[in-house]
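J.: Sequence plus predicted model, see below.
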Amino acid sequence: MKRFFSSVLLALAAAALPLSSHAAALDAPLTCNESGHQFIADLAQQQLIDPKPMRVESNSINAFSPVQGADLTAFGFHVFAVVGYEKDDPMFRVGDGEPVARSAYGVVVFGGESKVQAALAETGSTAIVHRVAPLVTAIFCKRS
């Protein structure tokens with residue numbers, strides 16, 4: 001998983017932060033009560049992410065970019081990548097390795113791991129918090 005998030009970070013490092021015009025807080029879905037399909041489909045339908053993944057990891061996690069002008073946040077942190085996968089779902093491309101889970105989704109945010117973990121603890125979210133790099137953290141939900 002660390003390799004995946006490092007790859008996403010490198011792929012997005014050159015991207016400029018989008019200008020604010022379509023703001024959306026993703027706190028509710030990141031309480032891990034929905035499927036990867038529902039999470040990604042909702043964001044694509046609202047035109048907040050590019051529906052075509054910018055990258056697909058060997059574990060089948062698809063990384064999506066917020067569209068220009070979208071200001072996505074999660075628990076008060078700026079989102080710069082959205083990730084997801086759902087087994088046997090044509091919305092997602094399959095990697096060449098073992099899928100991470102039947103269904104998984106999340107975001108990558110600018111924020112330190114301890115601050116992100118503290119923000120999630122206040123909400124009761126069961127999401128996994130994973131340090132990607134200094135001040136870059138993933139918030140991830142998965143179902144077996």
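T.: Nice, thanks for sending it over.

J.: Run through the residues that contact the spatially most central residue of the chain.
T.: Among the residues of the chain, the one closest to the centroid is Val107, at 2.2 Å (CA atoms, centre = their mean). By CB atoms under 8 Å, 6 or more residues apart in numbering, the contact set of Val107 is Leu26, Leu30, Leu72, Ala74, Val79, Ala81, Val82, Val83, Ala138, Ile139. All C-beta atoms are positioned from the backbone trio N, CA, C, and that covers glycine.

J.: low-confidence ranges in this structure?
T.: By pLDDT under 70, the weakly predicted segments of the chain are 1-22.

J.: please redo it, this time with the cut-off set to 90
T.: Applying pLDDT under 90 to the chain flags residues 1-24, 122-126, 143-144.

J.: Show me what the helix or strand that contains Val108 pairs with in its sheet, parallel or antiparallel.
T.: Element membership for Val108 (DSSP states H and E) is strand 103-110. Applying DSSP bridges to the sheet, strand 103-110 is found paired with strand 77-86 (antiparallel), strand 136-143 (antiparallel).

J.: mind listing what's buried in the helix or strand that that strand is followed by?
T.: With elements assigned by DSSP H and E, the helix or strand that comes after strand 103-110 is helix 113-123. Along helix 113-123, these residues count as buried under the neighbour rule (16 or more other CB atoms under 10 Å): Glu113, Lys115, Val116, Gln117, Ala119, Leu120.

J.: Among these, pick out the one closest to Phe39, please.
T.: Closest to Phe39 out of these is Leu120 (16.1 Å), distances taken as CB to CB.

J.: all helices for the chain, in order.
T.: Secondary structure of the chain (DSSP state H): helices at 2-12, 36-45, 113-123.

J.: can the strands paired with strand 103-110 go into JSON lines with extra columns for distance to Gln47 and mean neighbour count?
T.: As requested, the strands paired with strand 103-110 are exported to JSON lines (distance: least, CB to CB, whole Å; neighbours: other CB atoms under 10 Å):
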{"stretch": "strand 77-86", "distance to Gln47": "13", "mean neighbour count": "24"}
{"stretch": "strand 136-143", "distance to Gln47": "22", "mean neighbour count": "23"}
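
J.: All set, thanks.
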